[in-house]
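Participant: Sequence below, structure please.
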Amino acid sequence: MAGMKIVFGLLTFVTVGMIIGALFQLAFIRRLEESSGIPHWVDDKEAVVLRLGMVKPEVLSWSPRIILFRNFLSMEECDYLRAVARPRLQISTVVDTKTGKGIKSDVRTSSGMFLSPEERKYPIIQAIERRIAVYSQIPEENGELIQVLRYEKSQYYRPHHDYFSDTFNLKRGGQRVATMLMYLSDNVEGGETYFPMAGTGECTCGARTMKGLCVKPAKGDAVLFWSMGLDGESDMNSLHGGCEVLGGEKWSATKWMRQRATT
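Facilitator: This next block holds a predicted model:
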């Protein structure tokens, strides 16, 4: 009995010692952080631009490569992009594979506009561009101008690839490597981004159940996916589309990134 008490006492002593040691270690780490300025991101301009501590990445698929970034844009940035785009919206077009020019098509029924080179110099746009470059690891100069899109009820974008199948568009910047798709509105019914070749399960696309992966639009979130594989070839599995909007308005902003500088 006395031996049991001694063992119990020793275990208690060791446990308490471990707890105290852990507390001292946490306090030491805290002091290191404070002295290095790590927790003071609010005073770090680069950290604020990148929204460090707020953006939450989640890998959705490795083939094709798809990453979801929660809270990629602030609510103010979303509202700003919509306000800039609204008075300049026009019927969206698709790329003609023969000429490389934009043509109207029932494949895509949204309305949209492109920011101008001058608007690209605005501080809020520069912050978004910088963030896209860092999280995608593709230089800013390789990016096309941001396009803002609005999908109203019953509008959609049929599955397609972002990479080019014509030679006209390859002249400036080469092939499209990746796409950052940013959601600018909430309370959208339907309007999911659909990847038919991703995953082995099923998902809801508009009012239909489809095989593949669907990403529900949420204001501030962004989806990064690659049109080019690690072998340098166009990835056919990057096929994607915009599901039919059943209610509300779906607003998004798209940034396509090329192999080389576009300017």
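
Participant: C-alpha from now on. contacts and neighbour counts both.
Facilitator: OK.

Participant: Low-confidence regions, the stretch 1-150 of the chain specifically.
Facilitator: 1-43, 93-106 (pLDDT under 70).

Participant: Just the helices from it, written as ranges.
Facilitator: Under the criterion DSSP state H, counting those that start in this stretch, the stretch 1-150 of the chain contains helices at 2-36, 45-50, 75-85, 123-136.

Participant: now for the last one, which elements pack on it?
Facilitator: Translated: helix 123-136. Helices and strands touching helix 123-136, by 3 or more C-alpha pairs under 8 Å, 6 or more residues apart in numbering; DSSP states H and E, are helix 45-50.

Participant: And for the third one?
Facilitator: Using 3+ C-alpha pairs under 8 Å, 6+ apart as the contact criterion, the neighbours of helix 75-85 among helices and strands are strand 147-151.

Participant: Give me the next element, helix or strand, following the strand it packs on.
Facilitator: strand 157-160 (DSSP states H and E).

Participant: what lines up beside the helix or strand just after that next one in the sheet?
Facilitator: Later in the chain than strand 157-160, the nearest helix or strand by DSSP H and E is strand 176-183. When pairing is defined by DSSP bridges, strand 176-183 lines up against strand 222-226 (antiparallel), strand 250-258 (antiparallel).

Participant: what pLDDT, on average, does the helix or strand following strand 176-183 get?
Facilitator: Sequence-wise, the next helix or strand downstream of strand 176-183 (DSSP H and E) is strand 189-190. Averaging pLDDT along strand 189-190 gives 98.

Participant: Can you spell out the domain ranges of this structure, please?
Facilitator: As assigned by automatic domain parsing, the chain contains the domains 2-39, 42-258.

Participant: Please identify the most buried of those.
Facilitator: Counting by mean count of other C-alpha atoms under 10 Å, domain 42-258 has the highest mean neighbour count of the domains of the chain, with a mean of 18.

Participant: so how far is it from its chain's centroid?
Facilitator: Relative to its parent chain, domain 42-258 has a centroid offset of 7 Å by C-alpha atoms, centre = their mean, to the nearest Å.

Participant: Report the beta-bridge partner residues of Arg176.
Facilitator: Arg258.

Participant: which residues does Lys211 contact?
Facilitator: Contact analysis of Lys211 by C-alpha atoms under 8 Å, 6 or more residues apart in numbering lists Pro196, Thr200, Gly201, Glu202, Cys203.

Participant: switch the cut-off to 7 Å
Facilitator: Neighbouring residues of Lys211 by C-alpha atoms under 7 Å, 6 or more residues apart in numbering: Pro196, Gly201, Glu202, Cys203.

Participant: Go ahead and confirm the second one touches Cys214.
Facilitator: Translated: Gly201. No: with contact defined as C-alpha atoms under 7 Å, Gly201 does not reach Cys214; the gap is 10.1 Å.

Participant: quick one on the thing from earlier: would you turn the contacts of Lys211 into TSV with secondary structure, pLDDT and distance to Trp251?
Facilitator: Formatted as TSV, the contacts of Lys211 follow (DSSP: H, G, I helix; E, B strand; the rest coil; pLDDT from 0 to 100; distance: C-alpha to C-alpha, whole Å):
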residue	secondary structure	pLDDT	distance to Trp251
Pro196	coil	98	22
Gly201	coil	94	27
Glu202	strand	97	25
Cys203	strand	98	21
